[in-house]
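A.B. asks: kindly return the folded structure for what I paste below:
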Amino acid sequence: MNILVERYKTGDGAALNSLFEMFAPIIEKHSEQIWYKIDNQAEFECRCIRQIEKALHNFDTKRGKLKTLIVGVILKEKADYLARRTRKLVPITLDKPIYIDKDGDEVEFEVEDVLANVEDGIIERESVNEKVALLAKGDSRRMAILNAWADGEFNDLELSRVLAHSFGGQENTHRKFIQRFRIECQERLLNAI
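C.D. replies: Okay, the predicted model is just below:
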């Protein structure tokens, strides 16, 4: 990430775009937390992007962590935005951030409309659920393992402890089952390709 910041400081607009894409989920998460308190989520997200862009100009990669800076900027903007809504303010224009690409053309940074892609997310989630059900073959222990993997839990020892607590038995037995099941899933994946 620090490399992207350095590239952005040297004028690489694509680096800024990459940074915004990486931190868009954080902005969206904070926007969702206060959606009921604000009139316009898009305005809040644009303000966050503007403040992040300003903060990146002064960021020293040797003196701090980028994620800490970004989260701090978002939290500060969230507090300011919520405080502002109680006072009457003059509306500001929210122009989209523009960067210069490698060909020298001006390109607008597009803020993704997350509500437009709700259906795609639901379809994708249902597709994953169907694949999990097919791999589990009706076995609740396999289903628990697949759901843990889907949630990003890949530590066999921790997962075997959870399985031993949930389904009974010894942790070592569950750990061996997890390892065999992982190999089975990999083989099925290779055969599917």
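A.B. asks: give me the domain ranges for this structure.
C.D. replies: Domains of the chain are assigned by automatic domain parsing as 2-112, 117-192.
A.B. asks: dump these to JSON lines, plus mean pLDDT and mean neighbour count.
C.D. replies: C-beta here means a position set from N, CA and C on the backbone, and glycine is covered the same way. Formatted as JSON lines, the domains of the chain follow (pLDDT from 0 to 100; neighbours: other CB atoms under 10 Å):
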{"stretch": "domain 2-112", "mean pLDDT": "78", "mean neighbour count": "14"}
{"stretch": "domain 117-192", "mean pLDDT": "85", "mean neighbour count": "13"}
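A.B. asks: so which residues of the chain form strands?
C.D. replies: For the chain, the strands defined by DSSP state E cover 98-100, 106-108.
A.B. asks: any idea how far the last one is from the middle of the chain?
C.D. replies: Its chain's C-alpha centre lies 24 Å from the corresponding centre of strand 106-108 when counted by CA atoms, centre = their mean, to the nearest Å.
A.B. asks: can you check stretch 16-24 too?
C.D. replies: Worked out by CA atoms, centre = their mean, stretch 16-24 lies 11 Å from the chain centre.
A.B. asks: for stretch 146-154, same thing?
C.D. replies: With CA atoms, centre = their mean, you get 16 Å for stretch 146-154.
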